[in-house]
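Asks: Pasting the sequence and the predicted model now:
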Amino acid sequence: MKVSVKVPATSANMGPGFDCLGLALPIYNTITIEETVLPGTGIEINLMSEEDAIDEMSFDNIPRDENNIVYKAVEMLYNSIGQEPSELKINIQAQIPITRGLGSSAAVVVGGLLAANKLLGSPADETALLSIATEVEGHPDNVAPAILGGFVMASQEDDGSVIYRKLNWPEEWDITVCIPDFELSTNIARSVLPEQVPMQDAIFNAKHLSMLVHAIDTKDEKLMRVALQDKLHQPYREKLVPGMKEIMEAFRHEDGVLGCVLSGAGPSMLVISYKYDLDKIKSTVRDIWEGQSIKADIKTMKIEPKGAEILE
Ligand code: HSE
């Protein structure tokens, strides 16, 4: 038997929502798991990339054995029902660029889990799958929108359970996704964050995150322009993302631009706008990065509403 799951890219954090907010985007990975009948064949992991999603070096660095993140997630699911995975063939068809802050690892973890769950006769419900995916990823802000679609707030509680709610993103707010041609691993982007932060910075984020949730809920552009600010991760990551400071500065005083944030751990960036010239956004970002010899793929996208889908 064989099951395929199509999973969207995700952008986590959204400025002040570090490790708890994320949205799904219409770029997809498809993960197929097949139980092979020949005993003793072990696991086989194949990666296929579409377009320029994965460059050769990164491709070579992805483990193809039990250390692969998809295999780890699948193993946790089997173990949770007292079984061990045996002969499995895992195919990953990748469209989501890797190490760009667009949730490529969350997508393969979610795809692997949903496919394996279906193969096992669906023993785990959505909440249980979300807990395992969060355990593997370390934070729920990519895996939650990857499973559910839309714009999601999620929190992993001390007992391991994940609480999540979907928020309605205003249709008329445009999201321009700016993907530079250089990589930044989440591990490196997390290693520059301090163990502790000043109380004033924690309060700053609590204020802005609550504004952000209200602004989205009430489609309040004026509030959103204030809300999309962060002091917990972006200032520390600025040094790892050439052009980030200049891009943010370029839009700071443009009324139609509601904000500009790092996508996940970076280096991609999102520009959120309302009734603003989208070509101007694209050329501004492109010019700044080109000035630093960085090429970029820049597209305005709608949020992906549905999330992971099991293909029949
Ligand atoms: N919230 C995580 C981070 C997302 O910013 O490190 C990484 O994918």
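Replies: Okay, I see it.
Asks: What residues does the stretch 101-250 of the chain have near the ligand?
Replies: Counting by C-beta under 6 Å from any ligand atom, the positions of the stretch 101-250 of the chain adjacent to the ligand are H139, D141, N142, T186, A189, R190, H233. For the C-beta atoms, the positions are set from N, CA and C on the backbone; glycine is no exception.
Asks: quick one: which of the residues you listed has the most company?
Replies: N142 (35 neighbours; other C-beta atoms under 10 Å).
Asks: what are the phi and psi values for the closest residue to that one other than its chain neighbours?
Replies: Once flanking residues are discounted, N142 sits nearest to A106: 3.4 Å by C-beta to C-beta, 6 or more residues apart in numbering. Main-chain dihedrals, A106, degrees, to the nearest 10: phi -60, psi -40.
Asks: Can you give me every residue that contacts A106?
Replies: Residues in contact with A106 (C-beta atoms under 8 Å, 6 or more residues apart in numbering) are T10, A133, E137, N142, V143, A146.
Asks: change it to 10 Å
Replies: 7-10, 12, 22, 29, 69, 96, 133-134, 136-137, 139-147, 264 (C-beta atoms under 10 Å, 6 or more residues apart in numbering).
Asks: just the buried members of those?
Replies: 7-10, 12, 22, 29, 69, 96, 133-134, 136-137, 139-147, 264 (16 or more other C-beta atoms under 10 Å).
Asks: Take these and keep only those in helices.
Replies: Cross-referencing the buried ones among the contacts of A106 against helices under DSSP state H gives I69, A133, T134, V136, E137, V143, A144, P145, A146, I147.
Asks: Present these as a markdown table; the columns should include distance to G112 and pLDDT.
Replies: What follows is those, written out as a markdown table (distance: C-beta to C-beta, whole Å; pLDDT from 0 to 100):
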| residue | distance to G112 | pLDDT |
| --- | --- | --- |
| I69 | 8 | 85 |
| A133 | 9 | 95 |
| T134 | 14 | 95 |
| V136 | 9 | 92 |
| E137 | 12 | 92 |
| V143 | 11 | 97 |
| A144 | 16 | 98 |
| P145 | 17 | 98 |
| A146 | 11 | 98 |
| I147 | 12 | 97 |
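Asks: Widest-spaced pair of these?
Replies: I69 and P145 (17.9 Å; C-beta to C-beta).
Asks: For the stretch 201-312 of the chain, which segments count as helices?
Replies: Along the stretch 201-312 of the chain, counting by DSSP state H, counting those that start in this stretch, helices occupy 221-227, 234-237, 244-251, 278-290.
Asks: what comes up buried for the shortest one?
Replies: Neighbour counts over helix 234-237 (16+ other C-beta under 10 Å) mark Q234, Y236, R237 as buried.
Asks: quick revisit: is it possible to get JSON lines of the helices of the stretch 201-312 of the chain that adds distance to G259?
Replies: Output for the helices of the stretch 201-312 of the chain, formatted as JSON lines (distance: least, C-beta to C-beta, whole Å):
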{"stretch": "helix 221-227", "distance to G259": "7"}
{"stretch": "helix 234-237", "distance to G259": "11"}
{"stretch": "helix 244-251", "distance to G259": "8"}
{"stretch": "helix 278-290", "distance to G259": "12"}
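Asks: and whichever helix or strand A24 is part of, which strands flank it?
Replies: A24 belongs to strand 21-35 when assigned by DSSP states H and E. If you go by DSSP bridges, strand 21-35 pairs up with strand 2-12 (antiparallel), strand 88-94 (antiparallel), strand 151-156 (antiparallel).
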